[in-house]
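Novice: Output the structure for:
(one chain, ligands or ions: 2)
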Amino acid sequence: MSGPVVTYRRDGNVGVITANNPPVNALGHAVREGLLTALAQAEADPAAEAIVIACAGRTFFAGADITEFGKPPKHPILGEVLARLENNAKPVIAALHGTALGGGFEVALACHYRVAVDSAQVGLPEVSLGIIPGAGGTQRLPRLVGVAAALDVIIGGNRLTAGQAMEMGAVDAVVSEPLVDAAVAFAADLVRGGKGPRPTRDAAVTSGADDIAAARQQHARRYRGFNAPFRAIDAVEEALSLPFDDGLKHERALFEACNATVEARALQYAFFAQRQAAKVKDIPKETPARPIEHAAVIGGGTMGRGIAMVFADAGIPVSLLEVSPDARDAALAAIGKTYDGMVARNRVARDVADARLAAIAGATDYADLAGADLVVEAVFEEMAVKKKVIATLDSVVAADAIVATNTSYLDVNEIAAASKHPERVLGMHFFSPANVMKLLEVVRADRTSNTALATVMPLAKRLGKIPVVSGVCHGFIGNRMLQVYQREANRLLQEGASITQIDKAIYDFGLPMGPFAVRDLAGIDVGWRMRKAFGIGRSQDARYSRVADMLCEQGQFGQKSGIGFYLYKDGRTATGENPLVADLAAAEADEVGIAPRDIADTEIVDRCVYAMINEGAHLLDEGIAQRPSDIDIVWLNGYGFPAYRGGPMFYADTVGVPAVLDALARFQKAHGAVWAAAPLLERVAREGMTLADLNT
Ligand code: 3HC
Ligand code: NAI
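Specialist: Ligands and ions are numbered 1, 2, ... in the order given. Alright, predicted model coming up:
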């Protein structure tokens, strides 16, 4: 980068400090130093009667530089810069655009006045990085907007629009572009009106003890297992009782303590891992993407409906093709109902929902898809049906249109071969509900072109998804690992653990539900049908558990039939175990010659999680996953792996790969060859590396 990171100039009687640290003006050391230097210039400039702080580029400071968090703090730390701003003898005005987040918003809070363009957003996302605001956010925001509103921003992690921030009292004026001119005019007006500095620290926090207690209670469930959100509440609570400077000191101490936790390391790792996952290793950065202006979805069932909404929500008109007018109308009606529900829950405004629905055009004729730049098929999970759809598209859409399959388990190479243009075919494996779940596995088939990938990866971001590339294999990254996790849960059941014990052990480890409860929720029949289609059973695995299959044979599919592994009332609330499960498991144990035993919760967790880690390492060995952190992103965003543990591969590093290998060896001795360690794990241990070392 050329030129100084922070510059000072004067506009009339207003000094203007501008930072320029692309891409997001993170408040790294050079910026903090630059700000102090520029402030000194502004203070010393006799003609400057007020000071504007602004940023060049796409955003006001988007926060501290997260890459500095693992290193010793370098002075000046942000708090020192902010004290200089707040204690300034001249009025200081922040000019906000883009996303003023974390330390960026804290800069603004330490200024005496804040103006913002309409499109600006502010927020304090620190708890999502395992830390708390560390530069006065927990002390200044409650002084400006009250405790309840401050807690919503700090713990809820919500970003506020400029308008919302102004309504709350965190922004003084929403101004028009050009922003800096408007901020300078605002500053000149202040000077003309004789208005001087207005330090936030001088405002009183009047009340809020009830809000503190309410926040602790309200967030207990959402943040089960997390530390930082509760330390942030502690810090806000101190704003109520402590003088400002003491509150700041306590906040800093809590910030540092949080930053030293595994949770902070895990969440900060995941922040960068998510951005890394969007990059495909062997595709040149400059590979052009194909423009996508119109999309089409084939099949308007559970997935197709959600996928059509994904495009509509992103402002991309989409056609949804079904087999008959009735099926088409049913799909559109169901989508309309989903939008109505979102309006009722205040998730989206009525007019926005109506516009999105209007962007989805029902179709029964392939000719209506002719203009589509991208087609996603979500028809039945049957190879013959999928192949026919893919082949039909050859004579419908442009030769360079992208064609994606949402298959869960079928061979994408075989699907692609049905097209005359296999290079344009890839998998876009959405998760259910597609319009809610963030994860998108992008399946790269043998002949998928660079253009197809270079189109779909950034498109995923435009669709609000988190894309991860997977090679072709049964179940791709996520479901392949899920299968070994479920295999171990089944085996533990055979060996004498109850489904209640297994589910509780996994829940206590931090997943939102245990393996059996999840299967009841999703429908046990989904896996049953898949296993039947693929002929999966005792022939591959002598200890294959038939319990789920036998439940399905009796129509016991889980929540939707009121009975599965558990019994349900009102379709959702489990009232206890289905007694058949323990009986079937005991009979099966007898059949395969296993004597029941007491099993510790730690063994349950280790077996389920280490099986996943080993499978993840196999996926890396086979080149299915690009890097360990991609696997973590899949598990964090698709399966509810506890974010404070960073994902299975990060967790392996926290346990230590040699310790994981020891456990694998023990399990192999007791339970057979499925536990043979992946060569990659052995190499990592042998070379004294961590899995994280393979990410770079
Ligand atoms: N520190 C270091 N790098 C950062 C960064 C940060 N705060 N924010 C973004 N980056 C990097 C990204 O890693 C990415 O790098 P890459 O191109 O090499 O992959 C690049 O900047 C662009 O980021 P995005 O791809 O995310 O760009 P978007 O335009 O999609 O999003 C954003 C921009 C909304 C600002 C998003 O980057 C973001 O949410 N950043 C983090 C904001 C944040 O959490 N701030 C708080 C930090 S903690 C803090 O301030 C502590 C304080 O209280 C002391
Ligand atoms: P579904 O059975 O709910 O819907 C399939 C729809 O496709 C039906 O409405 C059917 O009428 C329509 N259809 C069938 N043949 C068609 C054709 N030739 N042309 C147009 N429409 C046709 O199935 P679901 O659950 O939506 O699954 C669809 C695909 O998505 C499958 O490949 C499945 O494996 C995959 N998937 C499913 C997930 C889930 O949780 N349900 C998750 C991720 C992927």
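Novice: helices or strands next to the helix or strand harbouring residue 272 in the packing?
Specialist: Per DSSP states H and E, residue 272 falls inside helix 262-277. Applying 3 or more C-beta pairs under 8 Å, 6 or more residues apart in numbering; DSSP states H and E, one finds that helix 262-277 makes contact with strand 466-470, helix 628-638, helix 648-655. Where C-beta positions appear, they are placed from N, C-alpha and C, glycine not excepted.
Novice: From the chain's centroid, how far away is stretch 182-191?
Specialist: 40 Å (C-alpha atoms, centre = their mean, to the nearest Å).
Novice: Run through who's touching that stretch.
Specialist: Residues from elsewhere that reach stretch 182-191, judged by C-beta atoms under 8 Å, 6 or more residues apart in numbering: 11-14, 16, 49-52, 54, 91, 93-95, 113, 115, 117, 172-173, 175-176, 196.
Novice: Of these, just the buried ones, ChimeraX syntax please.
Specialist: A single ChimeraX command selects the buried members of those (16 or more other C-beta atoms under 10 Å):
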select :11,14,16,49,50,51,52,54,91,93,94,95,113,115,117,172,175
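Novice: The helices and strands packed on helix 262-277 into CSV, with extra columns for mean neighbour count, mean pLDDT and distance to residue 103?
Specialist: Listed next are the helices and strands packed on helix 262-277 as CSV, based on neighbours: other C-beta atoms under 10 Å; pLDDT from 0 to 100; distance: least, C-beta to C-beta, whole Å:
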stretch, mean neighbour count, mean pLDDT, distance to residue 103
strand 466-470, 26, 98, 24
helix 628-638, 28, 98, 24
helix 648-655, 23, 98, 25
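Novice: circling back: can the helix holding residue 272 be found next to ligand 1?
Specialist: Yes. Judged by C-beta under 6 Å from any ligand atom, helix 262-277 comes into contact with ligand 1 through 272, 275.
Novice: need the residues of the stretch 251-400 of the chain near ligand 2, please.
Specialist: 298-304, 321-323, 327, 378-381, 385, 389.
Novice: Sort out which of those are buried, if you could.
Specialist: For these, a neighbour count by 16+ other C-beta under 10 Å gives the buried set as 298, 299, 300, 303, 304, 321, 322, 327, 378, 379, 381, 389.
Novice: Inside strands: which ones of these?
Specialist: 298, 321 (DSSP state E).
Novice: So among the buried ones among the residues of the stretch 251-400 of the chain next to ligand 2, where is pLDDT lowest?
Specialist: The lowest pLDDT within these belongs to residue 381, with 94.
Novice: Let me see the contact set for that residue.
Specialist: Contacts of residue 381 by C-beta under 8 Å, 6+ apart are 407, 408, 409, 410, 529, 530, 533.
Novice: Present the buried ones among the residues of the stretch 251-400 of the chain next to ligand 2 as TSV; the columns should include distance to residue 363.
Specialist: Formatted as TSV, those follow (distance: C-beta to C-beta, whole Å):
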residue	distance to residue 363
298	9
299	12
300	9
303	17
304	12
321	5
322	8
327	11
378	14
379	14
381	22
389	13
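Novice: rewinding a little: quick one: the helix holding residue 272 to helix 628-638, angle?
Specialist: Helix 262-277 runs at 100 degrees relative to helix 628-638, counting by axes from the mean of the first three to the mean of the last three C-alpha atoms, to 10 degrees.
Novice: Would you map the strands across the stretch 1-150 of the chain?
Specialist: With strands called from DSSP state E, counting those that start in this stretch, the stretch 1-150 of the chain shows them at 6-11, 14-19, 50-55, 92-96, 99-101, 113-117, 121-123.
Novice: The stretch 1-150 of the chain against ligand 1: which residues are in contact?
Specialist: 23-24, 26, 62-67, 78, 99, 101-103, 106, 125-126, 129, 133-135, 137.
Novice: let's see 8 Å
Specialist: Counting by C-beta under 8 Å from any ligand atom, the residues of the stretch 1-150 of the chain close to ligand 1 are 23-24, 26-28, 58-59, 62-69, 78, 98-99, 101-104, 106, 124-126, 128-129, 131-135, 137.
Novice: Low-confidence ranges, this protein, go.
Specialist: For the chain, the stretches flagged by pLDDT under 70 are 1-2.
Novice: quick check: domain ranges of it?
Specialist: Residue ranges for the domains of the chain, per automatic domain parsing: 6-260, 295-470, 478-695.
Novice: So for residue 268, which of the ones you listed sits nearest?
Specialist: domain 6-260 (5.3 Å; C-beta to C-beta).
Novice: burial of the residue of the stretch 201-350 of the chain found nearest ligand 1, as a residue count?
Specialist: Nearest residue of the stretch 201-350 of the chain to ligand 1, counting by C-beta to the nearest ligand atom: residue 275, 3.9 Å away. Look at residue 275: counted by other C-beta atoms under 10 Å, it has 12 neighbours.
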